[in-house]
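Novice: The sequence and its predicted three-dimensional model are supplied below.
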Amino acid sequence: MASLTRLILIGSLLLLLPLCMQAAQAQEKFKLIHSDQLNYNKLENEQILELRGKVHFWYGDTEFKSDRAMIFDVQKIARLMGNVTVINDSLELKADSVAYYRFSEELNLGGKVRVTERRQSGSLRWFASQYAVYNRKEDKLTAWQDVSSWDKDENAHASCGYAFWDRDNGYAYMIENPMLSAGEEDTLYIKADKIEYFDEGRKIVATFNVNVQSSDYQITSDFLIYLMDEEKAVFTGMPEFASEYAIATADEFYLFFDERKLDKAELQDNCRVYFAQEKDAPKESWVTANYIAISFREEGIDNFSAEEDVEYFFHQTKERKQDEFFNSAKGFYLEAKFNDDNKLEWMQMNQQVKGIYKFHNNP
């Protein structure tokens, strides 16, 4: 009985083997669509097909177009030169030259490389560089030298010296002076030693020497996590915020955006904020606390609150309708509100307040 079962299994495998071989042969099948000139040469153990002029062919399920091509049948290598276009499913690759290695499913691209992904959903993203390698089997792209990129859905541009993109896992990273700009022009720029992007959660992670700039502010830190779906950014590693009206430091920053415009900031632990009431004026007033929340308007600070071990110093300069005024105090909770001209409207401290007030009256 055991022998009969073994014979049936062997017979089934023998029947399936031709089907598997046919599928493999179909994948490796070469189909020439057009070429102005065709030369066939046999060199030792290799058979070479040379094509010239408006070359167009299929190799397996991948489409190729170029000015010239050489097909090495035994080695399963295709070398294409001049205006090369390779189309594989939703990916289009263009370059001055391409070498396609069938066994490893790898394409080496050189000169004016441009890789474009188009999906049925209408999404579009592209990479441009001087050199690139695309592995069809693993669906991974590596690009280097003068790398740039654009994503339609995110409306984001990027540039760097070296980039890697894992399409299957929805992951990419950039190194060698990476820069990412998101939103409309002058909305948000991110620079760091390394910038990573995760499709899941639409998350950006920037590592070391992080510098985030907009037309209104600049933030530096060691690490950044930007959650695009939540429009929230977390800065750690000695973060510092600087604008025309304020300078802030803390152990951690939490920034919240509205359409990629800064809306609110939360500072956690060892918080210190220096602020001024005039644009680019000396930032003489300050607040320290364990927690500070700041709300922003289009121009400057709208309001802020501080909690736990709060200490502040406020200097109101002498003007035509107001005296010069100094105020310093300690307490548990502080609130402040600014008017449309970024002038302090009111300030209130609650719980365990100890303070000093000084006025210089107008004569």
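Specialist: Structure's in. What do you need? Numbering: from 1, shown residues only.

Novice: low-confidence ranges in the stretch 151-300 of the chain?
Specialist: Counting by pLDDT under 70, the stretch 151-300 of the chain has low-confidence residues at 183-186, 299.

Novice: Mind listing the residues bridging to residue 195?
Specialist: Note on residue 195: beta-bridge partners residue 174, residue 206, judged by DSSP bridges.

Novice: which residues in the stretch 1-150 of the chain form strands?
Specialist: Assigned by DSSP state E, counting those that start in this stretch, the strands in the stretch 1-150 of the chain fall at 30-34, 37-43, 46-59, 62-72, 77-88, 91-101, 106-118, 124-135, 140-151.

Novice: quick one, the third one and strand 91-101 angle?
Specialist: When axes from the mean of the first three to the mean of the last three Cα atoms, to 10 degrees is applied, the directions of strand 46-59 and strand 91-101 differ by 170 degrees.

Novice: what's the angle between strand 46-59 and strand 30-34?
Specialist: Comparing the axes of strand 46-59 and strand 30-34 via the same axes, to 10 degrees yields an angle of 70 degrees.

Novice: contact partners of strand 46-59?
Specialist: With contact meaning Cβ atoms under 8 Å, 6 or more residues apart in numbering, strand 46-59 is reached by 28-42, 63-75, 78, 80, 100, 102. Every C-beta, even on glycine, is put in place using the N, C-alpha and C of the backbone.

Novice: List the strands paired with that strand, with their directions.
Specialist: Paired neighbours of strand 46-59 in the sheet (DSSP bridges): strand 30-34 (antiparallel), strand 37-43 (antiparallel), strand 62-72 (antiparallel).

Novice: mind checking which of these is nearest residue 272?
Specialist: The closest of these to residue 272 is strand 62-72. By Cβ to Cβ, the value is 58.7 Å.

Novice: Let me see the mean pLDDT of that closest one.
Specialist: Averaged across strand 62-72, the pLDDT comes to 94.

Novice: Need the strands of the stretch 1-150 of the chain in a markdown table (columns: distance to residue 270 and mean neighbour count).
Specialist: Listed next are the strands of the stretch 1-150 of the chain as a markdown table, based on distance: least, Cβ to Cβ, whole Å; neighbours: other Cβ atoms under 10 Å:
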| stretch | distance to residue 270 | mean neighbour count |
| --- | --- | --- |
| strand 30-34 | 67 | 13 |
| strand 37-43 | 73 | 10 |
| strand 46-59 | 61 | 17 |
| strand 62-72 | 57 | 20 |
| strand 77-88 | 53 | 20 |
| strand 91-101 | 48 | 20 |
| strand 106-118 | 44 | 19 |
| strand 124-135 | 40 | 19 |
| strand 140-151 | 37 | 19 |
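
Novice: for those strands, which one sits closest to residue 243?
Specialist: Residue 243 lies closest to strand 140-151 among the strands of the stretch 1-150 of the chain, at 28.0 Å (Cβ to Cβ).

Novice: Which other helices and strands does the closest one contact?
Specialist: If you count contacts as 3 or more Cβ pairs under 8 Å, 6 or more residues apart in numbering; DSSP states H and E, strand 140-151 packs onto strand 106-118, strand 124-135, strand 156-166.

Novice: Adding distance to residue 227, write those strands out as JSON lines.
Specialist: Listed next are the helices and strands packed on strand 140-151 as JSON lines, based on distance: least, Cβ to Cβ, whole Å:
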{"stretch": "strand 106-118", "distance to residue 227": "23"}
{"stretch": "strand 124-135", "distance to residue 227": "20"}
{"stretch": "strand 156-166", "distance to residue 227": "15"}
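
Novice: Skipping adjacent residues, who's closest to the residue nearest in space to the middle of the chain in space?
Specialist: Closest residue to the average C-alpha location of the chain: residue 197 at 4.9 Å, with Cα atoms, centre = their mean. In space, and not counting its chain neighbours, residue 197 is closest to residue 172: 4.7 Å by Cβ to Cβ, 6 or more residues apart in numbering.

Novice: Same check on residue 229?
Specialist: Nearest residue to residue 229 in three dimensions, chain neighbours excluded: residue 202, at 5.1 Å (Cβ to Cβ, 6+ apart).

Novice: and if you look at residue 152?
Specialist: Among residues not flanking residue 152 along the chain, residue 124 sits closest, at 4.1 Å (Cβ to Cβ, 6+ apart).

Novice: does that neighbour have beta-bridge partners, and which?
Specialist: Residue 124 has the following beta-bridge partners by DSSP bridges: residue 118.

Novice: I'd assumed residue 115 was in contact with it.
Specialist: No: judged on Cβ atoms under 8 Å, residue 124 makes no contact with residue 115 at a distance of 11.8 Å.

Novice: list the contacts for residue 104?
Specialist: Taking Cβ under 8 Å, 6+ apart, one finds 135, 137 in contact with residue 104.

Novice: Tell me the spacing between it and residue 133.
Specialist: Plainly put, residue 104 is 10 Å away from residue 133 if you go by Cβ to Cβ, to the nearest Å.

Novice: what about the closest residue to residue 65 other than its chain neighbours, distance to residue 137?
Specialist: Spatial nearest neighbour of residue 65, excluding adjacent residues (Cβ to Cβ, 6+ apart): residue 85 at 4.4 Å. Going from residue 85 to residue 137 by Cβ to Cβ gives 21 Å.

Novice: Please apply the same query to residue 238.
Specialist: 43 Å.

Novice: same deal with residue 76?
Specialist: For residue 76 relative to residue 137 (Cβ to Cβ), the value is 14 Å.

Novice: Neighbour count: those two, which is higher?
Specialist: residue 76 (16 against 8; other Cβ atoms under 10 Å).
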